[in-house]
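Trainee: Predicted model and sequence follow; I will ask about them next.
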Amino acid sequence: MIEVTGLRKQFGEVVALDGLTFTAPEGQITGLLGPNGAGKTTCLRTIYGLLKADSGHALIDGIDASKQPLEARRNIGIFPDKFGLYERLTAREQVAYFAALHGLEKQAGEAAVQQALERLDMLAIADRKATGFSQGQRMKVALAQAIVHSPKHLILDEPSRGLDVMSTRILRELLRELRGQGTSILFSSHVMQEVAALCDQVVVVAKGKVAAQGTTEELCAQTGETALEEAFVKIIGTDEGIAA
Ligand SMILES: Nc1ncnc2c1ncn2[C@@H]1O[C@H](COP(=O)(O)OP(=O)(O)OP(=O)(O)O)[C@@H](O)[C@H]1O
């Protein structure tokens, strides 16, 4: 389980997180939905220990990544907001590098890499160097890196950006399959359809706080709307920065 309690983070005058509190349970997909600048990336970066909160804490199975980063990261897969690839390495080599970082030995590592590449339908590009890869192909490499060690928790910052329809479907199937295996999945998105189609729980974030929380149906019932998009607009009071 991922537990976020009273997280606060300020950058100069900007309050990015203002007492954010929620949990992302095992075997569920939790979506962080919020307009631009709501604090989603700051929250995810704090959970995996890239940022230190001013107060409050984020725990992964009880472990605070800001205090015990190695222990916490062993059990999480991360698809970050910004990632870099080694242009001279093939997709397979990039994923193998992450397998090795997570301590997977040679044969087990090779098998895990092959499985991740197959799951994401990447065999056609597996042995090509990253130079010249499209944005979507780059995203897939980063996704494969996030799942290669079969983490118990998966944190994804806008995972479908840049993916075409087929790749988005592959991503959705992958997330559902991992949920079925008990993985706790937390992802941020602006995309209503994606959140409505995938999430067991939606955490609506605005100005660094939880503005509402529940299933899509609960959020619609709370606001008297029939669609998540309308419910979202009612909750945060604007339609700025969202995508249908
Ligand atoms: N390193 C930083 N320095 C200064 N301000 C920052 C920094 N990182 C984030 N912020 C500010 O904190 C607020 C929250 O940003 P964050 O990136 O977490 O939002 P977000 O919900 O992920 O937005 P988006 O959907 O646009 O990616 C914004 O006002 C942003 O400008």
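Mentor: Now that the structure is in, tell me what you want to look at. These numbers come from a predicted model, not from an experiment.
Trainee: For the lowest-mean-pLDDT helix or strand in the chain, enumerate the helices and strands it packs against.
Mentor: Least confident helix or strand of the chain, by mean pLDDT, DSSP states H and E, is helix 69-74 with a mean of 83. For helix 69-74, the elements it packs on are strand 63-64, judged by 3 or more C-beta pairs under 8 Å, 6 or more residues apart in numbering; DSSP states H and E. No exception for glycine: its C-beta is placed from N, CA and C like everyone else's.
Trainee: So for stretch 94-111, what gets flagged as buried?
Mentor: Within stretch 94-111, the residues that qualify as buried by neighbour count (16 or more other C-beta atoms under 10 Å) are 94, 95, 96, 98, 99, 102, 104, 109.
Trainee: again, but for stretch 179-188
Mentor: Under the neighbour-count rule (16+ other C-beta under 10 Å), stretch 179-188 has 179, 183, 184, 185, 186, 187, 188 buried.
Trainee: one step back: for the least confident helix or strand of the chain, output the C-alpha coordinates as PDB.
Mentor: What follows is helix 69-74, C-alpha atoms only, in PDB (Å, rounded to 0.1, in the frame of the first residue of the first chain):
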ATOM      1  CA  PRO A  69      15.400   5.000  -0.800                       C
ATOM      2  CA  LEU A  70      17.000   1.700  -1.700                       C
ATOM      3  CA  GLU A  71      14.600  -0.400   0.400                       C
ATOM      4  CA  ALA A  72      11.600   1.600  -0.900                       C
ATOM      5  CA  ARG A  73      12.700   1.500  -4.600                       C
ATOM      6  CA  ARG A  74      13.300  -2.300  -4.600                       C
END
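Trainee: what does this protein put close to the ligand?
Mentor: 11, 14, 16, 34, 36, 37, 38, 39, 40, 41, 42, 190 (C-beta under 6 Å from any ligand atom).
Trainee: For the closest residue in space to the fourth one that isn't next to it in sequence, grab the count of nearby residues.
Mentor: This means residue 34. In this structure, residue 34 finds its nearest non-sequential neighbour in residue 205, 3.7 Å apart by C-beta to C-beta, 6 or more residues apart in numbering. Counted with other C-beta atoms under 10 Å, the neighbours of residue 205 add up to 25.
Trainee: And residue 120, by the same measure?
Mentor: Residues near residue 120, counting by other C-beta under 10 Å: 22.
Trainee: what's the answer for the one 5 residues further on, then?
Mentor: Neighbour count of residue 125, defined by other C-beta under 10 Å: 19.
Trainee: give me every residue that touches residue 81.
Mentor: 41, 44, 45, 157, 158 (C-beta atoms under 8 Å, 6 or more residues apart in numbering).
Trainee: and with 7 Å instead?
Mentor: Each residue near residue 81 by C-beta atoms under 7 Å, 6 or more residues apart in numbering is listed here: 41, 157, 158.
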